[in-house]
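Engineer: got a predicted structure here, sequence first:
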Amino acid sequence: MEHIIIANEFSGTDRGRKVLKEVMAYFKNKQEKFTVWKTEYSGHATELTKKAVDAGYKTLFIIGGDGTFNQVINGLDLEDSKDISLALIPAGSGNDFVRNTNLKGSTHQILDYIFNSEPKLVDCCSVNGSKFLNMCGFGLDVELAIRQTRIKKFFKGPFSYIFSLLITLFNIRFYNISYSIDSGETISEKAFLIAMGNGTAYGGGIPITPFAKINDGLLDVCVVRKIPYLSIPRLLLKLLKGTLIEEKKYVNYYKCKSIKIDSDSRLPLNLDGELVLGMPCEFEIIPNAVRIYI
């Protein structure tokens with residue numbers, strides 16, 4: 001059986017190229033046949049995923065970060081792809097989705113785990129026609145993502161997030177939002193940020209939705225309301241530690257199946273590191289949507 005590898009060589013400040021070499025060496029050592037398709041531009045992974053499925057491949061090996069995985073998910077027709085499995089090999093700057101899995105250690109160790117395990121069904125989320133595996137943010141998160149896109153060329157992992165955060169703090173904004181959980185009452189307030197998580201973390205390990213599970217059929221939502229400027233440093237430290245949700249005075253935390261959100265801001269949404277058109281939007285969890293080696 002021939003394997004297909006979809007690789008983003010430029011993921012994680014070119015870490016993808018190094019990981020691809022390691023994967024190819026592993027396959028050659030095991031005398032496994034393989035073909036490599038390399039992404040060449042934004043959105044290319046979505047096109048290559050569709051091409052791989054049409055070609056009859058049943059297991060897709062994906063090298064990249066959360067943004068690449070997001071593109072792959074959006075290349076799958078979830079209704080017609082029940083027999084497709086994804087083998088995710090992290091090579092990004094944040095690698096936040098795989099924090100919810102057993103895909104840890106070196107590339108060799110991750111491949112050993114994949115070849116000796118079975119894929120499991122994992123939830124997926126939809127928003128305005130797009131899908132995401134890990135996290136969607138609005139507000140502070142988007143402003144950070146825009147800055148981090150530039151800064152992560154020089155800083156890797158959580159350092160790029162923290163440096164972007166420090167810059168953003170000099171330009172704090174609060175957003176007028178309204179939202180409805182599971183078609184319930186509409187809540188209106190000023191917010192610092194709002195995050196919808198299938199996974200637990202974003203920004204290279206920042207646990208914004210620490211109680212989320214990728215296979216519980218629920219979407220975790222964290223709304224951080226307007227907070228006093230003097231309290232921001234203390235609350236950001238709690239955010240980094242994963243204890244922000246203890247601040248009931250400023251934080252609402254929900255587990256739900258859907259949420260509708262609107263805002264007078266046209267700031268885009270941050271879907272697993274990919275910026276897309278923003279408000280208004282409707283999020284919905286899709287239980288047991290895709291098979292992934294976790």
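Structural biologist: All right, it came through fine.
Engineer: domains in the protein, by residue range?
Structural biologist: 2-117, 132-287 (automatic domain parsing).
Engineer: of those, which shows the lowest average pLDDT?
Structural biologist: Mean pLDDT values for the domains of the chain show the minimum at domain 132-287, a mean of 88.
Engineer: how long is it end to end?
Structural biologist: 13 Å (CA to CA, to the nearest Å).
Engineer: tell me where the stretch 151-294 of the chain has strands.
Structural biologist: Along the stretch 151-294 of the chain, counting by DSSP state E, counting those that start in this stretch, strands occupy 175-181, 186-197, 219-225, 251-256, 258-263, 269-271, 274-276, 281-292.
Engineer: select, out of the ones you listed, the one closest to V142.
Structural biologist: Closest approach to V142 among these (CB to CB): strand 269-271, 4.8 Å. Where you see a C-beta, it was placed from the backbone N, CA and C, and this is true even at glycine.
Engineer: which helices and strands sit right next to that closest one?
Structural biologist: strand 135-139, helix 140-151 (3 or more CB pairs under 8 Å, 6 or more residues apart in numbering; DSSP states H and E).
Engineer: could you dump the ones you listed to a markdown table with distance to T168 and mean neighbour count?
Structural biologist: Formatted as a markdown table, those follow (distance: least, CB to CB, whole Å; neighbours: other CB atoms under 10 Å):
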| stretch | distance to T168 | mean neighbour count |
| --- | --- | --- |
| strand 135-139 | 10 | 26 |
| helix 140-151 | 5 | 20 |
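Engineer: quick one: which of the ones you listed is nearest D264?
Structural biologist: Closest to D264 of the helices and strands packed on strand 269-271 is strand 135-139 (CB to CB; 12.4 Å).
Engineer: put the alpha carbons of the closest one into CSV.
Structural biologist: Below are the C-alpha coordinates for strand 135-139, written out as CSV (Å, rounded to 0.1, in the frame of the first residue of the first chain):
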residue,chain,number,x,y,z
MET,A,135,-10.1,26.8,18.5
CYS,A,136,-11.8,29.9,17.2
GLY,A,137,-11.2,33.2,18.8
PHE,A,138,-12.5,36.8,18.5
GLY,A,139,-11.2,40.0,19.9
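Engineer: could you check the angle that strand makes with strand 186-197?
Structural biologist: 130 degrees (axes from the mean of the first three to the mean of the last three CA atoms, to 10 degrees).
Engineer: if we look at strand 135-139, which residues are touching it?
Structural biologist: Strand 135-139 is contacted from outside by 96, 125, 127, 145, 173, 175, 177, 191-199, 201-202, 208-209, 224, 261, 263, 267, 269-272, 278-279, 283, using CB atoms under 8 Å, 6 or more residues apart in numbering.
Engineer: same question for stretch 239-248.
Structural biologist: With CB under 8 Å, 6+ apart, stretch 239-248 has contacts from I206, P207, I208, P210, F211, C222, V224, L235, K238, V251, Y253.
Engineer: pull the distance from stretch 112-123 to the chain's centre.
Structural biologist: 19 Å (CA atoms, centre = their mean, to the nearest Å).
Engineer: correction: stretch 220-234
Structural biologist: Distance, centroid of stretch 220-234 to centroid of chain: 22 Å (CA atoms, centre = their mean).
Engineer: hey, where'd the helices end up in this structure?
Structural biologist: Per DSSP state H, the chain carries helices over the ranges 11-29, 44-54, 66-73, 107-115, 140-151, 157-168, 232-241.
Engineer: buried ones in the first one?
Structural biologist: Judged by neighbour count using 16 or more other CB atoms under 10 Å, the buried positions of helix 11-29 are S11, G12, R15, G16, R17, V19, L20, E22, V23, Y26, F27.
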